[in-house]
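[1] build me a model:
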Amino acid sequence: MSDFAMYHALGQGPPNPNGPPQKDDPNKFRPPVAPSPGGYQQAGGPASSNVPNQFMAAPNQNTPPALEQSYFPPHQAEQDMSNLTGQMGAVGLGGEQAPHARHHKKKDRHAYHNIEGPGGSSQAFNGVPQAGTPTQFLNQGVPSPTAAQWQSPQITPAMSQFPAATTMFAPANPTTSTQHAARSGMPLAGAPALSSQGRVDPEQIPSVPRSRDAPAKYYLEHVYPTMEHHLAPPALVPFVAYDQGNSSPKFARLTLNNIPASADALASTSLPLGLVLQPLAPLQEGEQSIPVLDFGETGPPRCRRCRTYINPFMPFRSGGNKFVCNMCTFPNDVPAEYFAPTDPSGVRVDRMQRPELTTGTVDFMVPKEYWSKEPVGIRWLFLIDVTAEAVNRGFLDGFCEGIMNALYGGVKAKAQDEESTPRRLPKGSKIGIVTFDKEIHFYNLSVNLDQAQMLVMPDIEDPFVPLSDGLFVDPEESKAVITSLLTQLPNMFSEVKNPEPALLPTLNSALAALTATGGKIICSLSALPTWGPGRLFLRDDGNIHNTDAEKKLLTTEHPGYRKVATKMVESGIGIDFFMAAPSGGYLDLATIGHVSAVTGGEVFYYPNFHSPRDMLKLSTEIKHTVTRETGYQALMKVRCSNGLQVSAYHGNFYHHTFGADLEFGVIDADKSIGVMFSYDGKLDPKLDAHFQSALLYTTASGERRVRCSNVVASVTEGAADAMKFVDQDAVVNIIAKEAAARMTEKSLKEIRGALTEKTVDILAGYRKNFGGNNPPGQLVLPENLKEFSMYILGLIKSRAFKGGKEPTDRRVHDMRMIKSMGPLELSLYLYPRIISIHNLDEKDGFANENGHLRMPEAIRASFSKVEEGGVYIVDNGQICLLWLHAQVSPNLLEDLFGEGHTSLKQLDAFQSMLPVLQTHLNAQVRNILQYLEQTRGSKALTLQLARQGLDGAEYEFARLLYEDRNNEAQSYVDWLVHIHRHIQLELAGQRKKEDSDGLTSAGSTFVGLRTPYWG
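    Residues are numbered from 1 along each chain as shown. Okay, here's the model as predicted:
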């Protein structure tokens, strides 16, 4: 065990891992710790909480918590605890206090320690009452040392244990005066009460908005130290991570940060063991950039046996002559040029100067043996659809403007001095432009020409690339030629109108143009490609929706598109499609989008493209796809400790055989991959479990690198401790990706049934094994999975999985999107944030005294929360609606939209942004929108008006109120009743197939079949 002592310097936090950072104990030995990043030198610990200006430049969220509402626990009076113990004795719960941290020598060597204390808290819920069972409310309140760091364990009899996240389930009963008195600071629990009807008060069920708002406030003023805190912040919360050797949750999230030692122990929780990776995730202002390390011709040190890259968790032995692999425990000789002696505690003397030994995520520059071809700056090839539909509907206009915006910052920047606009693309990257209808047109953009030369390729049966020089040019050098071409294109093709595009020959030409170097294609399409080789036909037959045959529509058997996709990946090429169906027509996304899914690209889909409304969104998204961090020619490998093995990968990539590396034509900052693990032995609880992902890729500027992310988790004999360190966002993400991967094999009905079953299994497993002796009439939820059932309901209601009729294109688009979504984007997609702007506090939307944007609290996604005359922003990361009630105040409209706009009918239905006015409300809402723009995935934030009774977007607004009964599925309350009923049947041993007929009383549209999940 002494071998592992060297890296415990990283994890030596306070005795309570999620408690407040404490002053150093002078009598306690403390090994050296990685220094704080610049600007974060703080007292008390390497990443303690007093960071005044961590988010300086970005607009940020709510006010810092006032002292009396601190999210770190103040010291409690003893009588409070004994009072609580007395109360808890009344409901038959153990009344011992949370044990004091004891220092076990062995325990201190783990990634996490001191995890004694009560398990996840339980939440009581008066579900369907059973005869003779008192449906009383349970208030389980011993503070747990493993509670999330933003939750304050200060407890009074009227408070719940976890006020920051949500209150308990309680019957529909008025609150008491005590609660009203205490309500100013923290959300409170309902008082224990009986309910003769056994009804559920919707106010008391776990609230997703509250579970996001409290941590968001906390992380405005605190950094997230990656080794000291073991519960990552909710995915949607902006935070500054301080990398202490364990990767930031932005790059890698484990479903369980404390892993059961055996497969049986894991099975008792029903939770998946998986890792969600987003290797190129964007950093937030205030975070250290990823170190780039160059080891010259020899490359980075690696384990000779399993090829794991050097990382902070590899101990050095024999005075520094050997390093022991943390995955396979093989002792390797240290190369002579990498040698440094170790100090008496076994730590290398130069450790602090070696980022690969102190930080969890690093980039290694790699030598020639890692190259498949000479790395060059990325080649961007724009394929522009110039068919009649694209010209008539303004899609061609919008696409050309978007390219100019991406390259040069829009048309306005053209007239300005060359020096005034900074370079958008990294040096070394080049661009090319090709247009297509039933012919393919190449353009020579050489800097020596006055204007671009057009070469037409009429032979689309066997296309070739007609020019070598001038197809790819530096966008700055040929700026005049490129801008004049993009400005003229819409007019050039307004006379020549070919209605049918030939897409597959164009893709083959693009493949030929990029084969030598690799690169990225950005292709627009506005009509079904019905011309030439690879022509597609209308196969979306409405009669087979909601049948078993529907799954055939969700995939493609077209040999031409499958072949071009495979060849692109082999050549290191990826493709993003911008697809607009101006009249809502069918585009066969299943076939065309297959090419982008396999190559690691993305489809931006505009189902009812309307130029005045969607032009800004299109332009912003093209700019985003060109300017975000992008790598190409990528390979990925995930390694894990002995005793575990990779069992499955989920995401958009190419994987020809299971043991092989994942291959990506391109990978960018917004893409994530899910990795599932299984046991091939038993883990040793004395050691930690380690995971390393390595992504070999070429950067946009032409450097070949490996992005390494390292994650460590402790190992526990039983599963009870594992339940205290569950990452809810990672669990939901893995389950969603797996469900999306099964859509082409199983019917949607089976998948919805399997999701329901999985939810019941996880919650019933917790109730059965770790739920304590709570009365059977109560729904007991694990502390860190309180909102889990709402997220799964959101998944069942999403366009990908919902029952009822849904256009196949939209279903396929959302299915592929779920497979590649990172935790942040998926969290928002499954539960939108809704902000009321008619009752903003005057300070909301402006900076507080610390320079952080004060954000209003979000409201629940239910129509019962919508007030008469209200105005709401509804943002699910894909679309942002501004919903206006029919009775909205004319004064509010004038403040928001300008003078003369006093009624809903006077507003421009197609406006996509707010005008810039000097009114207080207008400034508040613009600031809030700007903030929302920074915490989302790949889709642009543009407004779409949804005026009550006037706009079609109102249907989308109703669809996004996920807590109500809609999308062919139940309301949140009914869903919990349904889940609870099945948990009770499971506990009684009566849960079986025949029960499915009795579900109609609960208003359920789910099958109760106990199918194997995905078998």
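
[2] quick one: low-confidence parts of the stretch 151-300 of the chain?
    For the stretch 151-300 of the chain, applying pLDDT under 70 flags the ranges 151-199.

[3] equivalent analysis for the stretch 901-1015 of the chain, please.
    993-1015.

[4] mind redoing it with 80?
    992-1015 (pLDDT under 80).

[5] all helices for it, in order.
    For the stretch 901-1015 of the chain, the helices defined by DSSP state H, counting those that start in this stretch cover 920-934, 953-960, 972-987.

[6] got CSV for these, with mean neighbour count and distance to residue 334 too?
    Every residue, glycine included, has its C-beta placed from N, CA and C. Compiled in CSV, the helices of the stretch 901-1015 of the chain are given as follows (neighbours: other CB atoms under 10 Å; distance: least, CB to CB, whole Å):
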stretch, mean neighbour count, distance to residue 334
helix 920-934, 18, 43
helix 953-960, 17, 56
helix 972-987, 22, 54
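
[7] using TSV, please lay out these together with distance to residue 335.
    Below are the helices of the stretch 901-1015 of the chain laid out as TSV (distance: least, CB to CB, whole Å):
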stretch	distance to residue 335
helix 920-934	43
helix 953-960	56
helix 972-987	56
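
[8] so which of the ones you listed gets nearest residue 202?
    helix 972-987 (5.4 Å; CB to CB).

[9] what helices or strands is the closest one leaning on?
    Packing partners of helix 972-987 (3 or more CB pairs under 8 Å, 6 or more residues apart in numbering; DSSP states H and E): helix 748-770, helix 788-797.

[10] closest to residue 733 out of those?
    helix 788-797 (9.5 Å).

[11] next secondary structure after the closest one?
    Per DSSP states H and E, the first helix or strand lying C-terminal to helix 788-797 is helix 808-820.

[12] buried residues in that following helix?
    Using 16 or more other CB atoms under 10 Å as the test for burial, helix 808-820 gives 808, 809, 811, 812, 813, 814, 815, 816, 817, 818, 819, 820.

[13] redo those residues as TSV? Include pLDDT and distance to residue 597.
    Shown next, in TSV, are these (pLDDT from 0 to 100; distance: CB to CB, whole Å):
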residue	pLDDT	distance to residue 597
808	91	15
809	93	14
811	93	14
812	94	9
813	95	10
814	96	13
815	95	9
816	95	5
817	96	10
818	96	12
819	96	7
820	95	8
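
[14] ok, those residues vs residue 758, which is closest?
    residue 818 (15.5 Å).

[15] rewinding a little: among the buried residues of helix 808-820, which one lies nearest to residue 737?
    Nearest to residue 737 out of the buried residues of helix 808-820 is residue 819 (CB to CB; 5.5 Å).

[16] tell me which element the nearest residue to the closest one once chain neighbours are set aside is part of?
    Sequence neighbours aside, residue 740 is the residue nearest to residue 819 in space, at 4.8 Å (criterion: CB to CB, 6 or more residues apart in numbering). Using DSSP H and E, residue 740 falls within helix 728-741.

[17] what angle do that helix and helix 748-770 make?
    Inter-element angle recorded for helix 728-741 and helix 748-770: 150 degrees (by axes from the mean of the first three to the mean of the last three CA atoms, to 10 degrees).

[18] isn't residue 360 right up against residue 249?
    No: using CB atoms under 8 Å, residue 360 is not in contact with residue 249, being 10.5 Å away.

[19] give me the common contacts of these two.
    residue 226 (CB atoms under 8 Å, 6 or more residues apart in numbering).

[20] in stretch 346-361, what's buried?
    Those would be 346, 347, 348, 351, 354, 355, 356, 357, 358, 359, 360, 361, for stretch 346-361 by 16+ other CB under 10 Å.

[21] quick one: pLDDT of the fourth one?
    Among the per-residue scores, residue 351 holds a pLDDT of 93.

[22] same check, this time on residue 306
    pLDDT, residue 306: 93.

[23] backbone dihedrals for it, please?
    When quoted as degrees, to the nearest 10, the phi and psi of residue 306 stand at phi -110, psi 0.

[24] where does pLDDT dip in the stretch 651-800 of the chain?
    771-773, 776.

[25] can you give me the strands in the stretch 501-650 of the chain?
    519-525, 573-580, 603-606, 630-640, 644-650 (DSSP state E, counting those that start in this stretch).
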